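Q: From the sequence below, what's the structure:
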Amino acid sequence: MAPIGQTTPPTARNSALAEGKRRASLLPDCLIEARRIANTVIAGWHGRRRRGPGENFWQFRPYAPGESLMRIDWRRSARDDHTYVRDMEWEAAHTVWLFADLSPSMQFRSEAAPVSKEHRALVLLLAIAETLLRSGERVGYPGLMEPVASRNGAEKLAHHLAAATEIPAVLPDTQMMRGPSELIVIGDFLDDPEALFSRIAPLSERGLKAHLVEVADPAEENFPYNGRTAFADPETGRELTLGRAESLREAYLEQYLARRDLISQTARHSGWSFFTHHTDRPASEALTALHMRLSGISGGQR
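A: Numbers count the residues shown, from 1 in each chain. Presented below is the predicted three-dimensional model:
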């Protein structure tokens, strides 16, 4: 049968301890790679670094219900149909919450990719933590790490990820995300997207913004399988063998892309950002694209 890829590396099912040990073995290399990537791209990062406490104007942002009306900049708001407030320089540092889907489907890697989706998600998670902390932001991980502002925060996050025997595959409750905060979610989004939307939707009501980063393997994009092929569901262990795998290519791609379109449309409607990163591309591309969105600069998918 034609190979369809592999999970990297295999893990005993239903064993939280084995899963924790497997993930812990990945993190030292992921942290090293994350710091290398951060060092490579951070020189070009502008717009979020603070020059120090002060009363200088920093940026405009949409007004959030419950804020003082005295903060509204009526001149800026008169330009369009939205209401804006002025952020001052001392307010620029805020909390960025990070979350990565580390469920079994993320362990997939085809022959077209150098790393698994999980490996790339961990690298991106630690790299964005490193760069944000260097810029004076606070970084936290819901249900795992309270927000920190220390320069070794990425290392602390890696330690928490390695020490946890079980990490939620679904975004925990977001009630703790208040004030000037943003949320970054990294995953393959192959589960029912409505579950994610229901968790993130309250953020929009509180004036917070989410950034969704889809990590995809090239084989998931083009379904390059022909002839007799065996498929296995990494979440349930169920297997499916097809005599002519190519006969399902069109239907598969239609559903796969429809799922992505739904996520993209929902994100746009909610004022969130969304883009796709492929594991055969450099991780630095995703880090740069994510920074653009954190800085309010639109960009295409990668």
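Q: only C-alpha atoms for contact and neighbour calcs from this point on.
A: Will do.
Q: Convert stretch 206-224 to CSV, retaining C-alpha atoms only.
A: Extracted in CSV, the C-alpha atoms of stretch 206-224 (Å, rounded to 0.1, in the frame of the first residue of the first chain):
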residue,chain,number,x,y,z
ARG,A,206,-15.2,42.3,25.5
GLY,A,207,-13.2,44.1,22.8
LEU,A,208,-10.4,41.5,22.7
LYS,A,209,-8.9,40.2,19.4
ALA,A,210,-8.0,36.7,18.4
HIS,A,211,-5.4,35.5,15.9
LEU,A,212,-5.9,32.0,14.4
VAL,A,213,-2.9,30.3,12.8
GLU,A,214,-3.7,27.1,10.9
VAL,A,215,-0.8,24.7,10.5
ALA,A,216,-1.2,22.4,7.6
ASP,A,217,0.9,19.6,6.1
PRO,A,218,1.3,19.8,2.3
ALA,A,219,-0.3,16.4,1.8
GLU,A,220,-3.5,17.7,3.5
GLU,A,221,-3.6,20.4,0.9
ASN,A,222,-3.4,18.3,-2.3
PHE,A,223,-4.2,14.7,-1.3
PRO,A,224,-1.4,13.1,-3.3
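Q: Now do that stretch, average pLDDT.
A: Averaging pLDDT along stretch 206-224 yields 93.
Q: What are the buried residues along that stretch?
A: 206-219, 223 (16 or more other C-alpha atoms under 10 Å).
Q: cool, stretch 285-296 as well?
A: Neighbour-count burial for stretch 285-296 flags Ala286, Leu287, Thr288, Ala289, Leu290, His291, Met292, Arg293, Leu294 (criterion: 16+ other C-alpha under 10 Å).
Q: ok, back up a step: strands - which of the buried residues of stretch 206-224 land there?
A: When DSSP state E is applied, the buried residues of stretch 206-224 are split such that Lys209, Ala210, His211, Leu212, Val213, Glu214, Val215, Ala216 fall in strands.
Q: on that earlier part again, could you single out the nearest of the buried residues of stretch 206-224 to Met70?
A: Using C-alpha to C-alpha, Gly207 is the member of those that sits closest to Met70, with 17.1 Å.
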